[in-house]
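> here's my sequence, what's the structure:
(one chain, ligands or ions: 3)
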Amino acid sequence: MKTYNYSDLTKQDIAQLVQRNVDPANEIRAIVEEVISNVQQHGDRALYDYANRFDMVVLDKLYLDKEELEEIAATVLPEQKVVLDIAYQNIYKFHQSQLKTEDKVETTPGVTCWRELRPIEKVGLYIPGGSAVLPSTFLMLGIPAKIAGCHEIIVCSPPQKNGKVNAFVAHVALMLGIDRIFLAGGSQAIAAMAYGTESITKVDKIFGPGNQFVTKAKTIIQSTTTTAIDMPAGPSEVLVIADETANPRFIAADLLAQAEHGIDSQAVLVCTSNEIAAAAEEEVEKQLAVLPRAEIARHAIDNSYIVVTRSLGEAMNFSNQYAPEHLILATEKWQEITGSIINAGSVFLGNLTPESAGDYASGTNHTLPTSSYAKAYSGVSVDSFVKKITFQHITADGLQNIGPAVQTLAELEGLHAHANAVGVRYNPS
Ligand SMILES: NC(=O)c1ccc[n+]([C@@H]2O[C@H](COP(=O)([O-])OP(=O)(O)OC[C@H]3O[C@@H](n4cnc5c(N)ncnc54)[C@H](O)[C@@H]3O)[C@@H](O)[C@H]2O)c1
Ligand SMILES: N[C@H](CO)Cc1c[nH]c[nH+]1
Ligand SMILES: [Zn+2]
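Ligands and ions are numbered 1, 2, ... in the order given. Alright, predicted model coming up:
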């Protein structure tokens, strides 16, 4: 891994280093725009064609129904059901706690304002299935959608070579009470949920992570349709801040855990100790040598780097500019620096908190903003699946109290009808 000294880096160097998956020549955009346009024009037909072209499978039906899901899920072993259930319970518990009723606020005597939650009616969940099939993502999206009370939940996932989904994905569907999965992946699935096809309902909001094609499609459709998206949640990434109290074996394991997701993943180490940095790099090579997905992880590691800083403060400074999807504080002094975190998707504190725990079963959501989008977006939560509608009620006294200010403000904007809508109410008869 290339190593940089933070003190040698210029502003431009840092700007360059923190860029990832930017598609400078618009190559991905061009492919995705063509896919979107084909789905828009040809609907289901295009989905069959793309399954053939990108997933190398000839489908005779675009979805699996409850009976088929039950049949596929029958191979899941009891002990596998137990661990899926542990994950389900913890994710449920953490997300259920996010549902809160807000207080009503009397801003002026007789004027009361408040917000109420309403579920987004039709949501689309994208469950990745290219380089690895991710039933855990299905839990991360399905559980908050159910807690929020979304009425219609459309699920798309790429067909596997046998024209089905894998058994764990099918089992999670049944755990969630979802009885249909559409066999569509990539940007074509996003286009189908954004525009609708003969079989797939157009949804109000699309959720879920994916590769660069999926992420590009989400960012395009949010400006060309009325369908919203959760956030750009692209190739996985991690930034580990470490000091002399960190364990190089743990650092390497955490870097490789995200590197094995895909060739375009990134795993960055920002370290205050030259010795720990060198030892972690050595460990990465050692652990890579015995990793089943070594080829993928090797690509990602080659696309990653180490920054050596003089202090944890400098390390945090770099991290805030990088705005990582996952931030690991591999230091016994984590309590001293959490206050200075400005940008991160999800944070893992101390030397005994593996990022993988958040990927699967601790309870937090693993669908998180990547490529610096953690500067402005949060990860998926129950909030992502609801709208917060504001309400207000004004009594006769309230009208006397607030009315004159509203009338004057309306007059100063030259909007006399606005002022009149208050005035007519002073004397209801
Ligand atoms: N940010 C997050 O919250 C988060 C969470 C989980 C996973 N991830 C990331 O999600 C990604 C999943 O990617 P994946 O590829 O494994 O699965 P995927 O389901 O996102 O993509 C697979 C689909 O991509 C399409 N595709 C593949 N090659 C194509 C091409 N050349 N042109 C057009 N379309 C093509 C195909 O339709 C295929 O079905 C990984 O990068 C992983 O790191 C991110
Ligand atoms: N690390 C991924 C988010 O970037 C989530 C995941 C799913 N399975 C394993 N990991
Ligand atoms: Zn992961």
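
> could you list the low-confidence segments of the stretch 151-300 of the chain?
Applying pLDDT under 70 to the predicted model, the stretch 151-300 of the chain contains no residue that meets it.

> all the helices of it, in order from the start?
Listed in chain order, the helices of the stretch 151-300 of the chain (DSSP state H, counting those that start in this stretch) span 167-176, 186-195, 212-224, 248-259, 274-288, 294-302.

> winner for burial among these?
helix 186-195 (a mean of 29; mean count of other CB atoms under 10 Å). Every residue, glycine included, has its C-beta placed from N, CA and C.

> endpoints of stretch 96-104, how far apart?
End-to-end distance for stretch 96-104: 22 Å, by CA to CA, to the nearest Å.

> and it, what's buried?
Neighbour counts over stretch 96-104 (16 or more other CB atoms under 10 Å) mark no residue as buried.

> quick one: residues in contact with it.
With contact meaning CB atoms under 8 Å, 6 or more residues apart in numbering, stretch 96-104 is reached by 112-117, 144, 147-148, 381-383, 388.

> from these, which are also near ligand 1?
Residues shared between the contacts of stretch 96-104 and the neighbourhood of ligand 1: none [CB under 6 Å from any ligand atom].

> next, format those residues as TSV and append neighbour count and pLDDT.
Listed next are those as TSV, based on neighbours: other CB atoms under 10 Å; pLDDT from 0 to 100:
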residue	neighbour count	pLDDT
112	16	98
113	14	98
114	15	98
115	14	98
116	13	97
117	17	97
144	28	98
147	20	98
148	22	98
381	18	98
382	23	98
383	16	98
388	10	97
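
> taking those one by one, which sit in strands?
112, 113, 114, 115, 116, 117, 388 (DSSP state E).

> between all of those residues, which two are separated the most?
112 and 117 (17.6 Å; CB to CB).

> for residue 179, give me its contacts.
Taking CB under 8 Å, 6+ apart, one finds 65, 66, 69, 173 in contact with residue 179.

> try 6 Å this time
residue 66 (CB atoms under 6 Å, 6 or more residues apart in numbering).

> and the helices in the stretch 1-150 of the chain?
Going by DSSP H, counting those that start in this stretch, the stretch 1-150 of the chain shows helices at 11-17, 27-42, 44-54, 66-73, 78-96, 135-148.

> quick check: which of the ones you listed is nearest to residue 348?
helix 78-96 (14.9 Å).

> hmm, that closest one in reach of ligand 1?
No: judged by CB under 6 Å from any ligand atom, helix 78-96 makes no contact with ligand 1; its nearest approach is 13.9 Å.

> quick one: that helix to helix 135-148, angle?
40 degrees (axes from the mean of the first three to the mean of the last three CA atoms, to 10 degrees).

> between helix 78-96 and helix 167-176, how many degrees?
Going by the same axes, to 10 degrees, helix 78-96 makes 50 degrees with helix 167-176.

> contact residues of the stretch 51-200 of the chain facing ligand 1?
Near ligand 1, when you scan the stretch 51-200 of the chain using CB under 6 Å from any ligand atom, you find 54-55, 128-132, 134, 137, 158, 185-187.

> could I get the pLDDT score of residue 21?
Looking at residue 21, its pLDDT is 89.

> tell me how many other residues crowd it.
20 (other CB atoms under 10 Å).

> counting neighbours, what do you get for the residue nearest to it when sequence neighbours are not counted?
Excluding its sequence neighbours, the residue lying closest to residue 21 (CB to CB, 6 or more residues apart in numbering) is residue 371, at 5.1 Å. Residue 371: 20 surrounding residues under other CB under 10 Å.

> give me the distance from the helix or strand residue 410 falls within to the chain's centre.
Residue 410 is located in helix 396-412, with elements delineated by DSSP states H and E. Centre-to-centre, helix 396-412 and its host chain are 43 Å apart (CA atoms, centre = their mean, to the nearest Å).

> in the stretch 301-429 of the chain, where is pLDDT below threshold?
In the stretch 301-429 of the chain (pLDDT under 70), no residue qualifies.

> what is the most widely separated pair among the contacts of stretch 96-104?
Across these (CB to CB), the longest gap, 29.6 Å, separates 112 and 144.

> hang on, the earlier thing: contacting residues for the residue nearest to residue 21?
Contacts of residue 371 (CB under 6 Å, 6+ apart): 20, 21, 234.

> which SS class is it?
What DSSP: H, G, I helix; E, B strand; the rest coil gives for residue 371 is coil.

> quick one: it and ligand 2, what's the gap?
12 Å (CB to the nearest ligand atom, to the nearest Å).

> from ligand 1, how far off is residue 41?
Relative to ligand 1, residue 41 is positioned 17 Å away (CB to the nearest ligand atom).

> give me the number of residues near that residue?
So residue 41, with other CB under 10 Å, has 10 neighbours.

> what residues does the protein put near ligand 2?
Checking the chain against ligand 2 by CB under 6 Å from any ligand atom, the hits are 134, 136, 137, 236, 258, 325, 359, 366.

> what is the burial count for the first one?
Here the count is done by other CB under 10 Å, and residue 134 has 24 residues near it.

> setting aside sequence neighbours, what's the nearest residue to it?
Using CB to CB, 6+ apart, the nearest residue to residue 134 is residue 128, at 5.1 Å.

> what do you get for the second one?
The shortest distance from residue 136 to any residue other than its chain neighbours is 5.3 Å, reached at residue 360 (CB to CB, 6+ apart).

> and the gap between the nearest residue to residue 363 once chain neighbours are set aside and ligand 2?
Distances taken as CB to CB, 6+ apart place residue 94 nearest to residue 363, at 3.3 Å, with adjacent residues excluded. According to CB to the nearest ligand atom, residue 94 and ligand 2 sit 16 Å apart.

> buried stuff in the helix or strand containing residue 357?
In the assignment (DSSP H and E), residue 357 maps to helix 355-360. Buried residues in helix 355-360, counted by 16+ other CB under 10 Å: 355, 358, 359, 360.

> I'd guessed the last one sits against residue 134; true?
No: the criterion here is CB atoms under 6 Å, and residue 360 misses it with residue 134 at 10.1 Å.

> hmm, back to that, any idea which of the helices of the stretch 1-150 of the chain is most buried?
helix 135-148 (a mean of 25).

> still on that earlier bit, can you get me a residue count around the residue nearest to residue 134?
22.

> now it. Its backbone dihedrals?
Phi and psi for residue 128, reported as degrees, to the nearest 10, are phi -60, psi 150.
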